[in-house]
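> model this:
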Amino acid sequence: MTIGQKLLELRKEKQLSQEEVAEKLNVTRQTISKWETDQSMPDFDKIIPLCKLYEISADELLTGNKIDVKERKKDDNTTTNTNYNDRLIRQKKALAMTISIIMYFIAVAWIMVSIPVLEMNPIIATAIFILICGVATCIIIYTSIAYKKEIEKEKEKVPRLQKQINEIISIIILIIYLLVSFITGAWHITWLLWIVYGLIEEIVKLLFMLRSNEYGK
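So this is what the prediction gives:
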């Protein structure tokens, strides 16, 4: 089947006249007639409008490979639903990470204030600190388990920039940790730097996640 015959068949399926097609494409009726009788070919800038008008792909028009409209719409709906679900998952993960980060900040602020300022019993203050960190960690673990497949897929797509930032941060924290620990000897306190490192890493991850979610809309 030639392109002209294909155009004629598609127009009849849509129950359109040559005049109606010509008006929609901003050409003359004679032009439509020439296309359908293979006297001339549609200009390049008319291929896409023709495909939209007849609800077919350019491949189907030019090669004659017929694609069922229902199947195409089904594929489009599937793709749309998949994209929506991906965005929803990213939003839920971003919310969970945000809550966890806030809780870690609260825990650090608490341990810094409760003992020296509020003069609270160190054991009770530490227990509350551990409890807050534990809840925040549980949220992260639950999110990781609930969206394990999605997280594994995202790890494969982690931006190179994000990896480089995480590596630089880890090196800086390690250097600070060793220097402060050896100089002060306060190994029982300096381990908090690794919580800070975890917070920074999660913040970086969250920023990239939000950026990805924004561009995914």
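
> Report the separation between the two terminal residues of stretch 9-22.
Terminal residues of stretch 9-22 lie 16 Å apart, using CA to CA, to the nearest Å.

> Averaged pLDDT, that stretch. What do you get?
On average, the pLDDT along stretch 9-22 is 89.

> where does it sit relative to the chain's centre, distance-wise?
Distance of stretch 9-22 from the chain centroid (CA atoms, centre = their mean, to the nearest Å) equals 41 Å.

> quick one, helices of the chain?
3-13, 18-25, 29-36, 44-54, 58-63, 69-114, 122-146, 148-156, 160-184, 187-190, 192-216 (DSSP state H).

> Walk me through the domains of the protein.
In terms of domains, the chain is parsed into 3-67, 86-157, 158-206 (source: automatic domain parsing).

> Report the mean confidence score over stretch 183-202.
76.

> Out of the helices of the chain, which is the most enclosed?
helix 29-36 (a mean of 18; mean count of other CB atoms under 10 Å). C-beta coordinates here come from the backbone N, C-alpha and C atoms, glycine included.

> Where among the helices of the chain is average confidence lowest?
helix 148-156 (a mean of 58).

> My read is that Thr31 contacts Ala22, right?
Yes: because the distance of 6.6 Å satisfies CB atoms under 8 Å, Thr31 is recorded as touching Ala22.

> which residues are common contacts for those two?
With contacts defined as CB atoms under 8 Å, 6 or more residues apart in numbering, no residue is shared by Thr31 and Ala22.

> Now do Ile140 against Pro116, distance only.
29 Å (CB to CB, to the nearest Å).

> scratch that, Leu95 is what I was asking about
Applying CB to CB, the value for Leu95 to Pro116 is 33 Å.

> Next up, phi/psi of Gly185, please.
The phi/psi pair for Gly185 (degrees, to the nearest 10) reads phi 70, psi 10.

> how near is it to Ile172?
From Gly185 to Ile172 the distance is 21 Å (CB to CB).

> try Val27
In terms of CB to CB, Val27 sits 65 Å off from Ile172.

> can you check Lys24 too?
Lys24 is 62 Å from Ile172, by CB to CB.

> How about Ser17?
To Ile172, Ser17 is 72 Å away according to CB to CB.

> now Ala136
Taking CB to CB, one finds Ala136 at 23 Å from Ile172.

> try Lys205
Distance of Lys205 to Ile172, computed by CB to CB: 17 Å.
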